[in-house]
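**Q** when you get a sec, could you give me coordinates for this:
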Amino acid sequence: MSNANALTDAPVTLYRNPKSGHCHRVELMLALLEVPYTTIDLDMANGAHREPAYLAISPLGQVPAIDDNGVTLADSNAILIYLVERYGETARWTGSEPLEKAQVQRWLSIAAGEIAHGPCAARLVTVFDAPLDHDAAKARSHTLLGMMEAHLDGREWLASDHPTLADIAGYSYIAHAPEGGVSLAPYPQVRAWLARIEALQHFVAMATSPRLA
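**A** Okay, the predicted model is just below:
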């Protein structure tokens, strides 16, 4: 483990791989909420995520995970919920009425489903040499992006009239889809949505890899 970013009196430690979109969505949320944090980059190639000390924090050996003054939690979407409940205006990020809450949850499910099996999987092949079906992942990506393009026609954000967890959970792998060979050129509404997220105050970018599209 190596300390990559230390902030004075940081209450939250984020265990991450800096090229993981799952980790970036948590780091982006921390930044937007202005929560001081420290990042620890795990040497996953050499099994740091399987060490007993880390498994005590993340029992499945997954990143990201956080330690918030002794409160430990893994799974990026679960961490997003925790952070806004602990440090943010919960209704702003998770929805203030039943339909809005349901729409946010729908996009969190898409982040764990279609995004994970589409843009995330395609990028795992090219960036991490994962033994996955690249063509199938790219096809899933374009199906998803086509749906998002239509959904964003006439609206600025995925689930509400302002940014919510839906946008934070969706951003990282969509923004970095070209690194997996998935072009965003045919999707101007999606690109405009990404630009709006990047214009948010305190936005932090994810580490980049060579672009294939």
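**Q** all helices of this structure, in order?
**A** Applying DSSP state H to the chain gives helices spanning 21-32, 52-55, 76-87, 90-94, 98-110, 121-128, 134-151, 165-175, 188-198.
**Q** can the ones you listed go into CSV with extra columns for distance to D43?
**A** Yep, even glycine has a C-beta here, placed from its N, CA and C like the rest. Converted to CSV, the helices of the chain look like this (distance: least, Cβ to Cβ, whole Å):
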stretch, distance to D43
helix 21-32, 14
helix 52-55, 11
helix 76-87, 20
helix 90-94, 32
helix 98-110, 29
helix 121-128, 14
helix 134-151, 26
helix 165-175, 21
helix 188-198, 29
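**Q** among those, which is the most enclosed?
**A** Neighbour counts (mean count of other Cβ atoms under 10 Å) averaged over each of the helices of the chain peak at helix 165-175, with a mean of 26.
**Q** helix 188-198 and that one, what's the angle between them?
**A** 110 degrees (axes from the mean of the first three to the mean of the last three Cα atoms, to 10 degrees).
**Q** where does the prediction get shaky in this structure?
**A** 1-9 (pLDDT under 70).
**Q** sorry, back to before: for W157, find the nearest of the helices of the chain.
**A** Proximity to W157, assessed across the helices of the chain by Cβ to Cβ, is greatest for helix 165-175 (5.6 Å).
**Q** which residues are contacting the closest one?
**A** 21-22, 24-25, 28-29, 32, 76-77, 80-81, 84, 93-94, 103-104, 106-108, 110-111, 115-116, 119-120, 123, 145, 148, 157-160, 184, 190, 193-194, 197-198, 206 (Cβ atoms under 8 Å, 6 or more residues apart in numbering).
**Q** which residues does the residue positioned nearest the centre of the chain contact?
**A** Residue closest to the mean C-alpha point of the chain, counted by Cα atoms, centre = their mean, is R25 at 2.9 Å. Counting by Cβ under 8 Å, 6+ apart, R25 touches S76, L80, A111, I168, A169, Y171, S172.
**Q** is the first one in contact with A65, as I believe?
**A** Looking back up the chat, that one is S76. No: look at S76 against A65 with Cβ atoms under 8 Å: they stay out of range, at 9.4 Å.
**Q** can you pull the residues that touch both of those two?
**A** Common neighbours of S76 and A65 (Cβ under 8 Å, 6+ apart) do not exist.
**Q** quick check: domain ranges of this protein?
**A** For the chain, automatic domain parsing gives the domain ranges 2-88, 92-198.
**Q** now tabulate those domains in a markdown table and tack on distance to R211.
**A** Listed next are the domains of the chain as a markdown table, based on distance: least, Cβ to Cβ, whole Å:
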| stretch | distance to R211 |
| --- | --- |
| domain 2-88 | 13 |
| domain 92-198 | 4 |
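**Q** indicate which one of those domains is closest to A213.
**A** In terms of Cβ to Cβ, the element of these nearest to A213 is domain 92-198, at 3.9 Å.
**Q** just how off-centre is that closest one within its chain?
**A** 10 Å (Cα atoms, centre = their mean, to the nearest Å).
**Q** and P36, how far is that from T90?
**A** Distance of P36 to T90, given as Cβ to Cβ, to the nearest Å: 20 Å.
**Q** same check, this time on S96
**A** Counting by Cβ to Cβ, the gap between S96 and T90 amounts to 9 Å.
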